[in-house]
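Undergrad: Here you go, sequence then predicted model.
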Amino acid sequence: MSSETAAAISLLNAQAVRTRAQRMLTLGLEDRLPNFHVDLSLLDNTAELVIATIRRAYPSLDIPFHSRWRHFVVDGSDRFGEIAKTAEFPNRASRARAELDLAIVSVFLDAGAGTQWRYFDVRSGKRIGRSEGLALASLDMFTRGVFSAKPADPLRADAAALARLDTAQLSEGFQVTADNPLVGLEGRAALLRALGTLVTKNTGVFARGDSPRPGGVFDHLAGLAEGGAIAAPDILSELLHELGPIWPSRITLGGIALGDCWRHPAMVTSDATSTLVPLHKLSQWLAYSLIEPLQRAGLAVTDIDGLTGLAEYRNGGLFADMGVVALRDPSQFASVHDVASALVVEWRSLTVALLDRLAGTIRKKLNMDAKQLPLARILEGGTWATGRAIARERRADGAPPIKVDSDGTVF
């Protein structure tokens, strides 16, 4: 293995995300970042706001994990849970494969939808936007067998069906029209086709217990479990290694595609990873979303706090709207920034580090420890909902404070 390949692999884990984010925050606290000031004195007010949000939604502080499964619950009804009750899964492993199929496809379709798009949910009669709308659309497509290659078995996502997925199919499933545009539609379709192609080729990971399908990674993860347990950071590392090649080619090091990893001039190191900032937002969102299916299948998932907070615009928007991070040049709020720009990379990395700081402050105020209130619950309770609420208060369209031009495959 070359030194560059080894360096690349060193970035494909949660600890690398956390370590570089903490370094970015240190630079911010030293006022050495090119785009943002950082003011930790406002973190206490931010914590109080998040706690108020948590108490409204979860008065008993019994908060579920942040995951895609929350978005399948509408008006108190667990849509997938209802489907699973009537499905004839022969065993726990077959159900786990189906659930991982759904989670993987749904999360990969979950980058920002834009402010105009809405999904009409026939059952509730509501037009639902953003992540919840994307979730319901993907669930409805999954239930109808759009991703299945076996008409008699719709609750699956087969590699063959994904590899030939037409953008028009996705457009129809998402109800896209000229008046209901979805950001990054082609990017999403291309991502699923790439997923299908990769899974087809990697039968050793994705076809141990069935024909090739994304959910086949369940058998791979179960094989890695020791004593029936697997650590959440290990789940992420496997996802980054096995699914990493599907992401659009941005930065490659030593022949390894780095996925959601970007350059920032302040992140200087002495090796080949100099200036690189790993974030792995969608992959971590997926890792969080696999925890519950793995638990239902009988595996114990440990070290959940080993994953980091998510570098996305609701968490990041919370810190920007509360003034914890402030643009050096306020006129930049009016511009649309490329997702690869140093400004966006800086903002996203600071978000990860500040979520760790905020979690500590919230736990102290609630007299709870990390075991009682892991980061996954704080995100759900939590920072994401508070970021959305404050965005709606401050901007009519509920958009994040910093505008980002994304292709539908980042956040």
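TA: Yes, it's here.
Undergrad: how close does the residue lying farthest from the centre of the chain get to Phe80?
TA: What lies farthest from the middle of the chain is Ala152; by C-alpha atoms, centre = their mean that is 31.1 Å. In this view, Ala152 and Phe80 are 20 Å apart by C-beta to C-beta, to the nearest Å. All C-beta spots, glycine's among them, are computed from the backbone N, C-alpha and C.
Undergrad: hmm, back to that, pLDDT wise, what is the residue farthest from the centre of the chain at?
TA: You'll see Ala152 listed with a pLDDT of 91.
Undergrad: mean confidence for the helix or strand that Asn315 is a member of?
TA: Using DSSP states H and E, Asn315 falls within helix 313-321. What helix 313-321 shows for mean pLDDT is 96.
Undergrad: now stretch 123-134
TA: Mean pLDDT, computed over stretch 123-134, is 93.
Undergrad: So for that stretch, what gets flagged as buried?
TA: Neighbour-count burial for stretch 123-134, counted by 16 or more other C-beta atoms under 10 Å, picks out 126, 128-134.
Undergrad: again, but for stretch 290-297
TA: Buried residues in stretch 290-297, counted by 16+ other C-beta under 10 Å: 290-294, 297.
Undergrad: again with stretch 306-323
TA: By 16+ other C-beta under 10 Å, the buried positions in stretch 306-323 come out as 306-322.
Undergrad: can I get the CA coordinates of it in CSV?
TA: Extracted C-alpha coordinates of stretch 306-323, given in CSV (Å, rounded to 0.1, in the frame of the first residue of the first chain):
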residue,chain,number,x,y,z
GLY,A,306,-18.2,7.6,18.2
LEU,A,307,-20.1,9.0,15.3
THR,A,308,-20.1,12.8,14.9
GLY,A,309,-22.8,15.4,14.5
LEU,A,310,-23.9,16.0,10.9
ALA,A,311,-22.4,18.7,8.8
GLU,A,312,-25.6,19.9,7.2
TYR,A,313,-27.5,23.1,6.8
ARG,A,314,-30.0,22.8,9.7
ASN,A,315,-27.3,22.2,12.4
GLY,A,316,-25.0,24.7,10.7
GLY,A,317,-27.8,27.1,10.2
LEU,A,318,-28.5,27.0,14.0
PHE,A,319,-25.0,28.2,14.8
ALA,A,320,-25.1,30.8,12.1
ASP,A,321,-28.5,32.2,13.1
MET,A,322,-27.5,32.2,16.8
GLY,A,323,-24.3,34.1,16.0
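Undergrad: how near is the nearest residue to Val74 once chain neighbours are set aside to Asp75?
TA: Leaving aside its chain neighbours, Val74 sits nearest to Ser124 (5.7 Å; criterion: C-beta to C-beta, 6 or more residues apart in numbering). In this view, Ser124 and Asp75 are 6 Å apart by C-beta to C-beta.
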